[in-house]
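**Student:** pasting a predicted model and its sequence here:
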Amino acid sequence: MTDEPADVTATRLAYDTVAQDYADLLRDHLAGSEFDRAMLGVFAEQVARGGGGPVGDLGCGPGRIAGHLAGLGLEVVGVDLSPGMIEVARREHPAVRFEVGTMAALPFADGALAGALAWYSVIHTPDERQGELYAEFARVVRPGGILLLAFQVGEDVVHLTHAYGHDLDLHTRRQHPDRVRERLVEAGLTPTAELIRQAVPPEKSPQGYVLAQRAV
């Protein structure tokens with residue numbers, strides 16, 4: 001794509017390559033992660049308490065989180081830059097709507113969403129462009145709406161050359177919770193809750209979850 005950042009092209013290629021194997025490996029992951037289910041449950045309850053409405057799963061991958069949220073009664077739309085991932089998501093979760101798109105230019109009108117989540121999906125964007133993502137998240141969430149972020153905790157960059165049974169070229173960036181909160185505030189979102197849990201093998205780092213709300 002013209003003028004597309006090289007990291008975006010590389011991320012799309014990597015996830016197109018691993019899409020089905022990624023989905024197969026993580027399909028039942030939520031069943032063994034009570035912390036993930038707890039944070040997703042809180043998110044769903046807060047969206048419902050705010051009157052409900054459409055929710056965006058931003059960087060949805062093969063749709064496993066979108067499918068879980070739909071099972072909790074939410075109206076979910078998944079967005080991912082990888083056509084391969086969207087193909088898998090549509091096949092495995094036919095009742096949920098999925099679209100190809102980027103987090104830097106989401107296919108939603110201003111304030112169209114009651115909530116949004118970026119579940120380990122900001123981790124491939126360089127630091128200098130992370131603020132743009134948070135601003136885009138804030139744009140599409142309505143006043144009073146909810147945002148949930150999940151990320152690996154740390155400050156280093158990991159270069160993956162083989163994962164999910166495939167050779168690839170992908171960089172992941174761990175996030176410092178203080179900087180996550182700063183970016184949320186800069187984008188007009190107020191952090192309301194945070195959970196940091198220790199790594200569970202094969203994880204290599206603690207995992208972070210932050211809930212925030214757009215100012216009314």
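**Tutor:** On my side now, so go ahead. Note that the structure is a prediction, hence the values are computed from the model and not measured. Residues are numbered from 1 along each chain as shown.
**Student:** quick check, Gly101 in contact with Ile86.
**Tutor:** No: in this structure Gly101 lies outside contact range of Ile86 using Cβ atoms under 8 Å: 9.1 Å. Where C-beta positions appear, they are placed from N, C-alpha and C, glycine not excepted.
**Student:** what's the lengthiest helix in the chain in contact with?
**Tutor:** Under DSSP state H, the helix in the chain containing the largest number of residues is helix 6-26. The contact list for helix 6-26, computed with Cβ atoms under 8 Å, 6 or more residues apart in numbering, reads 1, 61-62, 64, 80-85, 87-88, 92, 102, 104, 124-126, 160, 163-166, 168-171.
**Student:** who has more neighbours, Gly101 and Ile86?
**Tutor:** Applying other Cβ atoms under 10 Å to Gly101 and Ile86 shows that Ile86 carries more neighbours, namely 24 against 19.
**Student:** can you tell me how far that one is from Val185?
**Tutor:** Distance, Ile86 to Val185, by Cβ to Cβ, to the nearest Å: 32 Å.
**Student:** in the strand ranked longest in the chain, what counts as buried?
**Tutor:** Counting residues, the longest strand found in the chain (DSSP state E) is strand 141-152. Within strand 141-152, the residues that count as buried by 16 or more other Cβ atoms under 10 Å are 141-142, 145-152.
**Student:** which residues of the protein score low on pLDDT?
**Tutor:** 1-2 (pLDDT under 70).
**Student:** one more time with 50, if that's ok
**Tutor:** 1 (pLDDT under 50).
**Student:** so where do the strands sit in it?
**Tutor:** Under DSSP E, the chain gives strands at 54-58, 75-80, 97-100, 113-119, 141-152, 157-163, 166-173, 189-197, 207-214.
**Student:** turn those strands into a markdown table, including distance to Asp28.
**Tutor:** Putting the strands of the chain into a markdown table (distance: least, Cβ to Cβ, whole Å) gives the following:
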| stretch | distance to Asp28 |
| --- | --- |
| strand 54-58 | 18 |
| strand 75-80 | 19 |
| strand 97-100 | 20 |
| strand 113-119 | 16 |
| strand 141-152 | 18 |
| strand 157-163 | 18 |
| strand 166-173 | 21 |
| strand 189-197 | 19 |
| strand 207-214 | 18 |
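**Student:** tell me the span between the first and last residue of stretch 174-192.
**Tutor:** Start-to-end span of stretch 174-192 (Cα to Cα, to the nearest Å) is 21 Å.
**Student:** buried residues, it. List them.
**Tutor:** In stretch 174-192, counting by 16+ other Cβ under 10 Å, buried: 174-175, 177, 180-181, 183-184, 187-189, 191.
**Student:** sorry, back to before: alpha carbons of the longest helix of the chain, as PDB, please.
**Tutor:** The C-alpha trace of helix 6-26 is given here as PDB (Å, rounded to 0.1, in the frame of the first residue of the first chain):
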ATOM      1  CA  ALA A   6       7.000  -0.700   6.800                       C
ATOM      2  CA  ASP A   7       6.100  -2.100  10.200                       C
ATOM      3  CA  VAL A   8       2.400  -2.200   9.300                       C
ATOM      4  CA  THR A   9       3.200  -4.100   6.100                       C
ATOM      5  CA  ALA A  10       5.400  -6.500   8.000                       C
ATOM      6  CA  THR A  11       2.700  -7.100  10.700                       C
ATOM      7  CA  ARG A  12       0.100  -7.800   8.100                       C
ATOM      8  CA  LEU A  13       2.300 -10.300   6.300                       C
ATOM      9  CA  ALA A  14       3.300 -12.000   9.500                       C
ATOM     10  CA  TYR A  15      -0.400 -12.500  10.600                       C
ATOM     11  CA  ASP A  16      -1.500 -13.500   7.200                       C
ATOM     12  CA  THR A  17       1.100 -16.200   7.300                       C
ATOM     13  CA  VAL A  18       0.200 -17.600  10.700                       C
ATOM     14  CA  ALA A  19      -3.500 -16.900  10.800                       C
ATOM     15  CA  GLN A  20      -4.900 -20.500  11.000                       C
ATOM     16  CA  ASP A  21      -2.200 -21.900  13.200                       C
ATOM     17  CA  TYR A  22      -2.500 -18.900  15.500                       C
ATOM     18  CA  ALA A  23      -6.300 -19.500  15.800                       C
ATOM     19  CA  ASP A  24      -5.800 -23.200  16.400                       C
ATOM     20  CA  LEU A  25      -3.200 -22.600  19.200                       C
ATOM     21  CA  LEU A  26      -5.200 -19.900  21.100                       C
END
